[in-house]
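A.B. asks: sharing a model prediction with you, sequence too.
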Amino acid sequence: MSRPMLEIVALEKSFGDLKVLRDINLRVATGEMVFVIGPSGSGKSTMLRCCNRLEEPTSGAILIDGKDIVGCSSSALNRMRLEVGMVFQGFHLYPHMNVVANVMLAQIKALKRPKDEARERALAMLDRVGLRHRAETMPTQLSGGQQQRVAIARALALDPKVMLFDEPTSALDPELVGSVLAVMKDLKDSGMTMLVVSHEMGFAREAADRVVFMDGGLVVEEGPPEQIFANPKAERTQAFLSRVR
Ligand code: ADP
Ligand code: MG
């Protein structure tokens, strides 16, 4: 494998007595798109949230481009968080700000970018997700698929090294899913490193470099999509796939 951009080492996370992540080890190479699948409650979201310390890991290390985000100082943490872009199921855009202002905000607040530079970058990222012509629109005027593409543009505007997606299309009407997946495919083709939790098995088959199956806070099995989908080794993977297909 080429140099990992994201490396999760012996990650454990408990909420009180509940052990949610038991021993997660996962490497995502630079430019790789890794899909994470698994039953509800298996710890997928918690794992992603640990990667920018939205959730505090109980133990283990998470290396972003070789630097540990778990053991670092709080000033380093603020810097490193910006390197990890995150897209959630809900889009969390500010409803009282237009689209371009939404994409500018964190650039100004967190990166301290001058306003005109932030605006230029925002417009470039909106162009990338096919929404430059909606820059002055209010988010509520957009479809869910368009709002999610704005959320992706917002994350990209901070120049992340890794993008994490947590069920980015689960809240969308079926006819809007394709436009978001197309943006994700473009992003992969441009060389972005991506860790994606999603039930879009067709997309995983077509676009993922690797698929990881999680259950009970563990990585049960991983491999290329054709192997995981056509020929899963573990019984738990087989059972899960037969339920979702
Ligand atoms: P998935 O994304 O695979 O559905 P999650 O990571 O959301 O799984 O959740 C894994 C487990 O951790 C579930 O049992 C969930 O109830 C529990 N959990 C998640 N967040 C918290 C929290 N903040 N406090 C307590 N339990 C939590
Ligand atoms: Mg989840």
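C.D. replies: Perfect, thanks for sending it. Ligands and ions are numbered 1, 2, ... in the order given.

A.B. asks: the closest residue to Lys44 other than its chain neighbours and ligand 2, how far apart?
C.D. replies: Nearest non-adjacent residue to Lys44, counting by CB to CB, 6 or more residues apart in numbering: Val197, 4.5 Å away. Just so you know, the C-beta spots here come from the backbone N, C-alpha and C atoms, and that holds for glycine as well. Distance, Val197 to ligand 2, using CB to the ion, to the nearest Å: 6 Å.

A.B. asks: do Ala208 as well
C.D. replies: 18 Å.

A.B. asks: need the pLDDT of that residue.
C.D. replies: We have a pLDDT of 98 for Ala208.

A.B. asks: could you tell me how many residues sit around it?
C.D. replies: Neighbours of Ala208 under the rule other CB atoms under 10 Å: 25.

A.B. asks: please name the residues that touch it.
C.D. replies: 33-35, 196, 225 (CB atoms under 8 Å, 6 or more residues apart in numbering).

A.B. asks: on the three-state scheme, the residue nearest the centre of the chain is what?
C.D. replies: The C-alpha lying nearest the average C-alpha coordinate of the chain belongs to Leu164 (CA atoms, centre = their mean; 1.5 Å). Three-state call for Leu164 (DSSP: H, G, I helix; E, B strand; the rest coil): strand.

A.B. asks: residue contacts, it?
C.D. replies: 48, 51-52, 84-87, 194-196.

A.B. asks: let me know the closest of those to Glu117.
C.D. replies: Gly85 (18.6 Å; CB to CB).

A.B. asks: next one: the closest one from Asp166, what distance?
C.D. replies: Between Gly85 and Asp166 the distance is 12 Å, computed by CB to CB, to the nearest Å.

A.B. asks: who has more neighbours out of the two?
C.D. replies: Taking neighbours as other CB under 10 Å, Gly85 and Asp166 compare with Gly85 leading, 24 against 20.

A.B. asks: pretty sure the more buried one sits in a strand.
C.D. replies: Yes - under three-state DSSP, Gly85 falls within a strand.

A.B. asks: pLDDT value on it, please?
C.D. replies: For Gly85, the pLDDT comes out at 97.

A.B. asks: next one: Met1
C.D. replies: So Met1 comes in at 63 (pLDDT).

A.B. asks: within range of ligand 2, give me the residues from the protein.
C.D. replies: Counting by CB under 5 Å from the ion, the chain comes close to ligand 2 at 44-45.

A.B. asks: what angle do whatever helix or strand Asp186 lives in and strand 162-166 make?
C.D. replies: Using DSSP states H and E, Asp186 sits in helix 174-189. Put simply, helix 174-189 runs at 160 degrees to strand 162-166, going by axes from the mean of the first three to the mean of the last three CA atoms, to 10 degrees.

A.B. asks: CA atoms of helix 174-189 as CSV?
C.D. replies: Output of helix 174-189 as CSV, limited to C-alpha atoms (Å, rounded to 0.1, in the frame of the first residue of the first chain):
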residue,chain,number,x,y,z
PRO,A,174,-34.0,8.3,-4.2
GLU,A,175,-33.9,10.6,-7.3
LEU,A,176,-31.5,13.0,-5.6
VAL,A,177,-28.9,10.3,-4.5
GLY,A,178,-27.2,10.1,-7.9
SER,A,179,-26.1,13.7,-8.0
VAL,A,180,-24.3,13.4,-4.7
LEU,A,181,-22.7,10.1,-5.6
ALA,A,182,-21.5,11.7,-8.9
VAL,A,183,-19.8,14.5,-6.9
MET,A,184,-18.1,11.9,-4.7
LYS,A,185,-16.9,10.0,-7.7
ASP,A,186,-15.4,13.2,-9.1
LEU,A,187,-13.7,13.8,-5.8
LYS,A,188,-12.2,10.3,-5.8
ASP,A,189,-11.0,10.7,-9.4
